[in-house]
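Novice: sharing a sequence plus its predicted fold:
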Amino acid sequence: MRDIDLKTLRLYVTVCEHQNIARAAQEAHIEPSAISKRIAQLETSLGVPLLARSRRGVEPTAAGLALLEHARSVLFTMERIASDVAAFGGGLKGRVSICASASAIAEALLDDIASFMREPSNQNIKVDVEERLSQDLVRQLREGVASVGVCWDSVDLRGLQHRPYRRDRLALAVHSTHPLARRRRVSFEESLDYEHVGLPPATAVHTMLQRAAAQAGKTMSYRVIVSSFDAAFRVVAADLGVSVVPMEVAATYRQALGIGIVPLTDEWAQRRFVVCFRDFDNLQPAAQRLVEHLRQRAVTKAD
């Protein structure tokens with residue numbers, strides 16, 4: 001198979017989006033026959049038909065849909081490469097993409113990144129943050145899709161290097177009139193007598209709580225499953241259940257919503273986060289600098 005040029009891929013994507021070669025040609029300022037020729041050559045090169053043609057226009061075949069997905073990914077990557085490289089010409093010293101769990105983002109990570117970017121020596125470094133489930137984050141790091149991640153250290157970190165980051169403590173969020181609201185501390189097992197507000201099953205905290213409930217010989221009863229801590233606090237404020245939440249996040253909602261926050265006594269309620277990556281020495285200098293900044297912020301906080 002000969003090399004596939006980017007222009008042909010771009011034209012193919014445009015044709016699929018319009019489902020019409022003539023309209024795609026008009027948008028690309030090229031003759032329809034030229035597009036047809038390029039796609040025909042692509043079909044010959046790949047050995048499969050990519051478009052099903054009819055009077056109404058064209059539609060991608062099964063093979064065409066597979067190519068369309070890959071083409072969009074390739075074009076996105078090439079645009080990102082061009083943008084990143086061109087940025088150096090404008091004085092940008094680097095660009096770091098960091099994936100993080102919802103807990104890390106909801107707590108101190110964004111403040112730590114902001115402090116990093118405020119430093120004069122880092123003013124030309126751009127940092128992109130994407131939220132990911134911990135298991136997806138780790139997988140992307142192993143596959144080389146992401147370069148730096150921040151997550152709870154309870155996930156499987158085999159094959160990755162990591163640096164210690166911040167710690168947090170889990171607590172039980174309850175309505176102000178709840179029977180547990182006046183307690184100074186509570187065990188997770190005691191909370192199982194009440195209906196919970198939980199995060200999706202794919203999250204690390206959901207798995208941990210299910211395991212802890214099983215070890216206590218009980219099951220968790222969920223009243224509501226929500227997608228964020230913000231939603232969890234609001235459901236608790238409506239007196240529809242209790243929820244296990246990070247104390248650092250709860251501080252923002254305690255007064256605003258008038259809810260109670262009771263620390264959990266369980267050992268596993270003390271959590272540790274890590275900054276992880278495949279190989280520190282192979283990170284771009286900007287990423288190395290950010291990793292060290294996050295580690296130092298964690299040390300300073302601990303002191």
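Specialist: Great, that's in hand.

Novice: name all residues that make contact with S134.
Specialist: Under the criterion of CB atoms under 8 Å, 6 or more residues apart in numbering, the neighbours of S134 are S101, C151, W152, V155, T203, A204. Where you see a C-beta, it was placed from the backbone N, CA and C, and this is true even at glycine.

Novice: just the closest of those to A28, please.
Specialist: Nearest to A28 among those is S101, at 41.5 Å by CB to CB.

Novice: return the residues in contact with the closest one.
Specialist: E131, R132, L133, S134, L137, V150, C151, W152, A204.

Novice: please report phi then psi for F273.
Specialist: phi -110, psi 160 (degrees, to the nearest 10).

Novice: identify the bridge partners of it.
Specialist: W152 (DSSP bridges).

Novice: what sits against it?
Specialist: F273 touches S103, A104, V150, C151, W152, D153, Y165, R166, R167, D168, counting by CB under 8 Å, 6+ apart.

Novice: quick one: low-confidence parts of the stretch 51-200 of the chain?
Specialist: 83-84, 86-93 (pLDDT under 70).

Novice: using ChimeraX, define a selection of the buried residues within the contacts of S101.
Specialist: Of the contacts of S101, the buried ones can be selected in ChimeraX as follows, counting by 16 or more other CB atoms under 10 Å:
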select :132,133,134,137,150,151,152,204
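
Novice: domain ranges for the protein?
Specialist: Annotated domains of the chain cover 6-88, 94-166+273-302, 167-270 [automatic domain parsing].

Novice: surely E130 is in a strand?
Specialist: Yes. Applying DSSP: H, G, I helix; E, B strand; the rest coil, one finds E130 inside a strand.

Novice: and for it, nearest residue in space, chain neighbours not counted?
Specialist: C99 (5.1 Å; CB to CB, 6 or more residues apart in numbering).

Novice: repeat for D266
Specialist: In space, D266 is closest to F188, 5.0 Å off (CB to CB, 6+ apart).

Novice: check contacts around that neighbour.
Specialist: If you count contacts by CB under 8 Å, 6+ apart, then F188 has L172, L209, A212, A213, A216, V244, L264, D266, A269 around it.

Novice: and the helices in the protein?
Specialist: Assigned by DSSP state H, the chain shows helices spanning 6-18, 21-28, 32-46, 62-89, 102-104, 110-118, 134-143, 188-191, 204-215, 229-237, 247-257, 285-302.

Novice: can you spell out which helices and strands pack onto the second one?
Specialist: Using 3 or more CB pairs under 8 Å, 6 or more residues apart in numbering; DSSP states H and E as the contact test, the elements touching helix 21-28 are helix 6-18, helix 32-46.
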